[in-house]
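Engineer: Okay, here's the prediction I keep looking at, along with the sequence it came from:
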Amino acid sequence: YRRKSLEKGGPALHQRFVLICNLGGCGSVVIDSKIFLIKVGDAILIYPHQFHLYADIESEDISWLFITFEVESQGVLANKENLVFKLSDYAMISLSILMDTYRAATEASSKTNSNERLLLASILAEMIDNLKSSPEEIIKEDTLSSSMQLIQNLVEFIYQHLGEPIQINDVANHVHFSPSHLRSLFKKNMRIGLGAYIRRAKIHRACFLIRSTDLSISQVSDKCGFSSLFSFSRAFRLEIKLSPT
């Protein structure tokens, strides 16, 4: 049960797979430049280094399970990004049991037991089997609300211009809204300010480039659309609490 304020959290920097399973409460997951509506019984797999946050949550009383894992080789998981798939009845029951046993172990201050590990392994194995056997059945598109369709348009525009010094006025002109109205709409749906979202998206891209390329810090700054190395370093420190170096 996540109670951390979304506004105060930094970029979701991760080098592992994140499997999100919805056991209660509807909402949307924003992954890079796309938005996915996640209903009860749905799951989505987020790949290493993908920037993600959550929006349009229908209530605070939600039950989403986050499972992170690593693999030596992506294998069947390769090229399966941005898939929302339906959890089987078996998986839903197994996940509920997993959560109950985990809570009991947490309350008892005991370590993860073998039953939990077996349940988790079987859930992941079934997910991989589904990906392997019938990918056409797991791809599912749900219609976003009108407000989230607008947000999708905004997020795509921001990612298309992530390497430029994009400002809120540029985004507002793209959708023909006043900057103040757009800020209000974005904050209501995304629980984060538009300016903060743009900055976090740029910093997340910068972190990925620093980790995975041989580009200099100055080159990373340019590719992420910062006007100067100083402004990049200042924004980086604000989000990550560390210098780019």
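Structural biologist: That came in fine, so what should we check first?
Engineer: Please list all residues in contact with the residue nearest to A206 when sequence neighbours are not counted.
Structural biologist: Among residues not flanking A206 along the chain, C224 sits closest, at 4.7 Å (CB to CB, 6 or more residues apart in numbering). The C-beta positions use only the backbone N, C-alpha and C, and glycine is treated the same way. By CB atoms under 8 Å, 6 or more residues apart in numbering, the contact set of C224 is L162, G163, K202, I203, R205, A206, L209, F232.
Engineer: any chance of the residues you listed in JSON lines, with distance to M127, pLDDT and neighbour count too?
Structural biologist: JSON lines is the format used below for the contacts of C224 (distance: CB to CB, whole Å; pLDDT from 0 to 100; neighbours: other CB atoms under 10 Å):
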{"residue": "L162", "distance to M127": "31", "pLDDT": "91", "neighbour count": "18"}
{"residue": "G163", "distance to M127": "35", "pLDDT": "91", "neighbour count": "14"}
{"residue": "K202", "distance to M127": "32", "pLDDT": "92", "neighbour count": "26"}
{"residue": "I203", "distance to M127": "31", "pLDDT": "91", "neighbour count": "24"}
{"residue": "R205", "distance to M127": "28", "pLDDT": "90", "neighbour count": "21"}
{"residue": "A206", "distance to M127": "32", "pLDDT": "92", "neighbour count": "25"}
{"residue": "L209", "distance to M127": "30", "pLDDT": "91", "neighbour count": "17"}
{"residue": "F232", "distance to M127": "39", "pLDDT": "94", "neighbour count": "22"}
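Engineer: Just the ones in helices from those residues, please.
Structural biologist: K202, I203, R205, A206, L209, F232 (DSSP state H).
Engineer: wait, the fourth one sits on S221?
Structural biologist: The one in question is A206. Yes: under the criterion of CB atoms under 8 Å, A206 makes contact with S221 at 7.5 Å.
Engineer: shared neighbours of those two, which are they?
Structural biologist: With CB under 8 Å, 6+ apart, A206 and S221 have common neighbours F232, P244.
Engineer: how near is L209 to P48?
Structural biologist: To P48, L209 is 14 Å away according to CB to CB, to the nearest Å.
Engineer: The chain: strands as residue ranges?
Structural biologist: 17-24, 27-31, 34-38, 42-46, 52-55, 63-69, 84-86 (DSSP state E).
Engineer: Select, out of the ones you listed, the one closest to A121.
Structural biologist: Closest to A121 of the strands of the chain is strand 63-69 (CB to CB; 10.0 Å).
Engineer: tell me what the closest one is packed against?
Structural biologist: Other elements packing on strand 63-69 under the criterion 3 or more CB pairs under 8 Å, 6 or more residues apart in numbering; DSSP states H and E are strand 17-24, helix 89-107, helix 114-133.
Engineer: so which of the ones you listed is the most packed in?
Structural biologist: strand 17-24 (a mean of 19; mean count of other CB atoms under 10 Å).
Engineer: Report the separation between L194 and V71.
Structural biologist: 35 Å.
Engineer: what's the least confident helix or strand in this structure, going by average pLDDT?
Structural biologist: The least trusted helix or strand in the chain, going by mean pLDDT, DSSP states H and E, turns out to be helix 135-138, with a mean of 48.
Engineer: Alpha carbons of stretch 45-65, in PDB - could you do that?
Structural biologist: What follows is stretch 45-65, C-alpha atoms only, in PDB (Å, rounded to 0.1, in the frame of the first residue of the first chain):
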ATOM      1  CA  LEU A  45       5.500  -4.800 -17.100                       C
ATOM      2  CA  ILE A  46       7.900  -1.800 -16.900                       C
ATOM      3  CA  TYR A  47      11.300  -2.400 -18.300                       C
ATOM      4  CA  PRO A  48      14.600  -1.200 -16.800                       C
ATOM      5  CA  HIS A  49      15.300   2.500 -17.200                       C
ATOM      6  CA  GLN A  50      11.700   3.400 -18.300                       C
ATOM      7  CA  PHE A  51      10.500   6.600 -16.700                       C
ATOM      8  CA  HIS A  52       7.100   6.000 -15.000                       C
ATOM      9  CA  LEU A  53       4.600   7.600 -12.700                       C
ATOM     10  CA  TYR A  54       1.000   7.300 -11.800                       C
ATOM     11  CA  ALA A  55      -2.100   9.400 -12.700                       C
ATOM     12  CA  ASP A  56      -5.800   9.500 -12.600                       C
ATOM     13  CA  ILE A  57      -6.000   7.300  -9.500                       C
ATOM     14  CA  GLU A  58      -9.700   6.900  -8.700                       C
ATOM     15  CA  SER A  59      -9.200   6.900  -4.900                       C
ATOM     16  CA  GLU A  60      -6.500   6.600  -2.200                       C
ATOM     17  CA  ASP A  61      -7.800   3.200  -1.200                       C
ATOM     18  CA  ILE A  62      -6.000   1.200  -3.900                       C
ATOM     19  CA  SER A  63      -4.200  -2.200  -3.800                       C
ATOM     20  CA  TRP A  64      -1.500  -2.400  -6.400                       C
ATOM     21  CA  LEU A  65       1.300  -5.000  -6.000                       C
END
